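> no sequence on this one, just coordinates:
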């Protein structure tokens, strides 16, 4: 992890050189190779999914009717595809079982090549249609959060004079053919914002989702006052503070937060992660509801109907849900927390500064740099378990 931080710092220095000299320095070429090698190595492993050391739990994700229509999402995606040229479709559309799902990375443009069209290069009609896909897939809150995350890249660009950081450098791809019956999905990929949205009938799986912000609160520039992931931060801290001393001690992974703690970010699709911390089974009914409310903060980024389906799934496994914490729990503390059950994994992490190193102590985590990842353990990230069941009965 420390080496990855070093790489990111080298990247910032390199892009400043690029801006000054208008050429592509060797440092950036080396970094492109570094990130490509990480991805190639990860994709060489057959997908299994995040799981505990005891192995995958079967039977968690049956194909079923939810009663929540996906027609608006299908229509929006088909409208977008109808506006693309042949060459643009080549960049944008992939098979539903393509490895393209797994090709995402929370790194800046310039050292990582993304597929699809970016919002920046789209025509006005294409951009409007692309954003309509997000609008009908996400809640109003989730849509606003996506826009606010994009704004942070503009703020980061202003701090670092970087042309690779831009509020419109977010790339949209479509997997499969949008349909109300057949499996398909979409992905948006960019710095601090990655959403994988799988659709099968009226079921959706919206993981892995990666969210981030630096600066988390913009103090200067075009978007001064923009705040990102503050509810996730404050709600997590409030829950930890509400626990008894013995419960807090049970949840504690580390008393002091010194480093970045996230373990399930990009290219960790096959992570083996055992449950740790405080088991919800030991909580009172009131505290269980509080934990569910905290989980809902993350789940509520998707439309209300699908969010309810997801929360019902989470609730069925609440006794097997674990809450873990690293760091202190004072009002101004930096910290990490994890919520882990058979059907959901959430990580929230205050990270060391990279693009805001001029503003903060370079070796300590800061509230101004936040990473969040949400996954579906036991093989259903990207809707893989649902897709496997579907393909076993319906050959494509």
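Arrived safely. All of these numbers come straight from a predicted model, not from anything done at the bench.

> only C-alpha atoms for contact and neighbour calcs from this point on.
Fine.

> Sheet partners, orientation included, of the strand or helix carrying residue 189?
Assigned by DSSP states H and E, residue 189 falls within strand 184-190. Using DSSP bridges, strand 184-190 pairs in its sheet with strand 171-175 (antiparallel), strand 193-200 (antiparallel).

> any idea where the strands of the protein begin and end?
93-94, 117-118, 171-175, 184-190, 193-200, 203-205, 209-213, 252-254, 278-279, 322-327, 335-340, 345-350, 370-375 (DSSP state E).

> Output the strands paired with strand 184-190 in TSV; the columns should cover mean pLDDT, mean neighbour count and distance to residue 266.
Below are those laid out as TSV (pLDDT from 0 to 100; neighbours: other C-alpha atoms under 10 Å; distance: least, C-alpha to C-alpha, whole Å):
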stretch	mean pLDDT	mean neighbour count	distance to residue 266
strand 171-175	98	24	16
strand 193-200	98	25	10
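
> could those strands go into TSV alongside distance to residue 229?
Listed next are the strands paired with strand 184-190 as TSV, based on distance: least, C-alpha to C-alpha, whole Å:
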stretch	distance to residue 229
strand 171-175	21
strand 193-200	12
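
> Nearest approach to residue 156 belongs to which of those strands?
Of all the strands paired with strand 184-190, strand 193-200 sits nearest to residue 156, with 14.2 Å by C-alpha to C-alpha.

> Need the nearest residue in space to residue 345, chain neighbours excluded.
Spatial nearest neighbour of residue 345, chain neighbours left out: residue 375 (5.0 Å); criterion: C-alpha to C-alpha, 6 or more residues apart in numbering.

> List the contacts of that neighbour.
By C-alpha atoms under 8 Å, 6 or more residues apart in numbering, residue 375 lies in contact with 207, 208, 209, 344, 345, 346, 381.

> do the same with residue 300
Residue 300 makes contact with 139, 141, 142, 307 under the criterion C-alpha under 8 Å, 6+ apart.

> Can you tell me which of those is nearest residue 30?
Among those, and counting by C-alpha to C-alpha, the member closest to residue 30 is residue 142, at 35.5 Å.

> any idea which residue sits dead centre in this structure?
The residue lying closest to the centre of the chain (C-alpha atoms, centre = their mean) is residue 210, at 1.1 Å.

> CSV please, covering the contacts of residue 375 and showing pLDDT.
As requested, those are exported to CSV (pLDDT from 0 to 100):
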residue, pLDDT
207, 98
208, 98
209, 98
344, 99
345, 99
346, 99
381, 98
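
> just to revisit the earlier point, among the contacts of residue 300, which pair sits farthest apart?
By the measure C-alpha to C-alpha, 141 and 307 form the most distant pair in the contacts of residue 300, at 12.2 Å.

> higher neighbour count, those two?
Neighbours per residue (other C-alpha atoms under 10 Å) separate residue 141 from residue 307, with residue 307 holding more: 20 against 13.

> Quick check: that one touching residue 295?
No - using C-alpha atoms under 8 Å, residue 307 is not in contact with residue 295; the gap is 10.8 Å.

> neighbours around residue 83, how many?
A count of neighbours around residue 83, defined by other C-alpha under 10 Å, yields 16.

> Excluding covalently adjacent residues, which one is nearest to it?
Using C-alpha to C-alpha, 6+ apart, the nearest residue to residue 83 is residue 126, at 6.3 Å.

> State the pLDDT value of that neighbour.
pLDDT for residue 126: 98.

> Same check on the one 10 residues further on?
At residue 136, the predicted lDDT confidence score is 98.

> For the residue lying closest to it once chain neighbours are set aside, give me its contacts.
Spatial nearest neighbour of residue 136, excluding adjacent residues (C-alpha to C-alpha, 6+ apart): residue 73 at 5.8 Å. When contacts are counted by C-alpha under 8 Å, 6+ apart, residue 73 touches 133, 136, 137.

> didn't the second one look like it was pressed against residue 71?
Looking back up the chat, that one is residue 136. No - with contact defined as C-alpha under 8 Å, residue 136 does not count as touching residue 71 (9.5 Å).

> These two: which is more packed in?
The neighbour comparison of residue 136 against residue 71 (other C-alpha under 10 Å) goes to residue 136, with 20 against 16.

> do you know how far the residue nearest to the centre of the chain is from residue 351?
Distance from residue 210 to residue 351, counting by C-alpha to C-alpha, to the nearest Å: 14 Å.

> do residue 283 as well
Look at residue 283 and residue 351: by C-alpha to C-alpha, they are 29 Å apart.

> which residues touch the residue lying closest to residue 129 once chain neighbours are set aside?
In space, and not counting its chain neighbours, residue 129 is closest to residue 80: 5.1 Å by C-alpha to C-alpha, 6+ apart. By C-alpha under 8 Å, 6+ apart, the contact set of residue 80 is 126, 129, 130.

> By mean pLDDT, flag the weakest helix or strand of the chain.
In the chain, the helix or strand scored least confidently by mean pLDDT, DSSP states H and E is helix 2-21, which has a mean of 48.

> For the closest residue to the residue nearest to the centre of the chain other than its chain neighbours, list each beta-bridge partner.
Take residue 210 and drop its neighbours on the chain: the residue closest to it by C-alpha to C-alpha, 6+ apart is residue 373, 4.5 Å away. Beta-bridge partners for residue 373, by DSSP bridges, are residue 210, residue 347.

> List just the one of the strands of the chain that sits closest to residue 26.
Of the strands of the chain, nearest to residue 26 by C-alpha to C-alpha is strand 184-190, at 23.0 Å.

> Now do the residue nearest to the centre of the chain against residue 140, distance only.
Residue 210 is 18 Å from residue 140, where distance means C-alpha to C-alpha.

> picking up where we left off before, switch the strands of the chain over to CSV; also include distance to residue 50.
Formatted as CSV, these follow (distance: least, C-alpha to C-alpha, whole Å):
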stretch, distance to residue 50
strand 93-94, 24
strand 117-118, 29
strand 171-175, 22
strand 184-190, 19
strand 193-200, 16
strand 203-205, 15
strand 209-213, 14
strand 252-254, 20
strand 278-279, 19
strand 322-327, 15
strand 335-340, 11
strand 345-350, 9
strand 370-375, 8
